[in-house]
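>>> Need a 3D model of the sequence below.
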Amino acid sequence: MNIIDYCVSGILVLLVVRQVRGSRLDLINLVLPVVLVSATALYYLRSVPTAGNDLVLDLVMAGSGAALGVLCGLTTRLRRKADGIYAKAGFTAAALWVFGMAFRTVFAFVADHGAGDAIADFSRTHGISSSQAWVAAFVLMALAQVVARLVAIRYRAYRLASSTAATRSVAT
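Have a look, this model is predicted:
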């Protein structure tokens, strides 16, 4: 890993600060995480290898990212105020977000610092074609985590707004 890799990871981890602080659900909160992860994907992703078990690796990693994202979204507290719905990540949501980022960063770090041969052996044994397959899988994991979290939060916000509107119409 180089300094750019650490900076990119740091920026993505700092997204959790915005989540813990809490903010109104608006267009910026919807677009910013997707833009940052998409920019990261453009920086790292050269191709998505499909030889051997590369697609299985991609699906497993994307699925685990989606699961982390949904859990982050479900453990984020939503509340309705007069000017909209606010989201605030609690300890569990923040820990899950950081876990996903840390997992990817630690894997890259240990791959560069002594575990490269073990990862290569694992890859050969399980039909993973190249290091680019791992890069693609981790990028897909990050993208799936961000998108799944956003979808879970937006769906919950929609339900909260709908139930509040229904309660108001019944009361009048």
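>>> And the helices in this protein, which stretches?
3-21, 27-44, 54-74, 91-112, 116-125, 131-171 (DSSP state H).
>>> which one of these is the most hemmed in?
With neighbours defined as mean count of other C-beta atoms under 10 Å, those peak in mean count at helix 54-74, which reaches a mean of 20. (C-beta placed from N, C-alpha, C; glycine too.)
>>> Which elements pack onto it?
Secondary structure elements in contact with helix 54-74, counted by 3 or more C-beta pairs under 8 Å, 6 or more residues apart in numbering; DSSP states H and E, are helix 91-112, helix 131-171.
>>> Skipping its backbone neighbours, what lies nearest residue 23 in space?
Nearest non-adjacent residue to residue 23, counting by C-beta to C-beta, 6 or more residues apart in numbering: residue 29, 6.0 Å away.
>>> same question, residue 49
For residue 49, the closest residue by C-beta to C-beta, 6+ apart turns out to be residue 133, at 4.5 Å.
>>> Tell me the spacing between that neighbour and residue 57.
Using C-beta to C-beta, to the nearest Å, residue 133 is found at 6 Å from residue 57.
>>> pretty sure the residue nearest to residue 49 is touching residue 123, no?
Yes: applying C-beta atoms under 8 Å, one finds residue 133 in contact with residue 123, separated by 7.5 Å.
>>> Okay, the residue sitting nearest the centre point of the chain and residue 161: tell me how far apart.
Nearest to the mean C-alpha position of the chain, by C-alpha atoms, centre = their mean, lies residue 145 at 2.7 Å. Distance, residue 145 to residue 161, by C-beta to C-beta: 25 Å.
>>> Same question for residue 97.
On the measure of C-beta to C-beta, residue 97 and residue 161 end up 24 Å apart.
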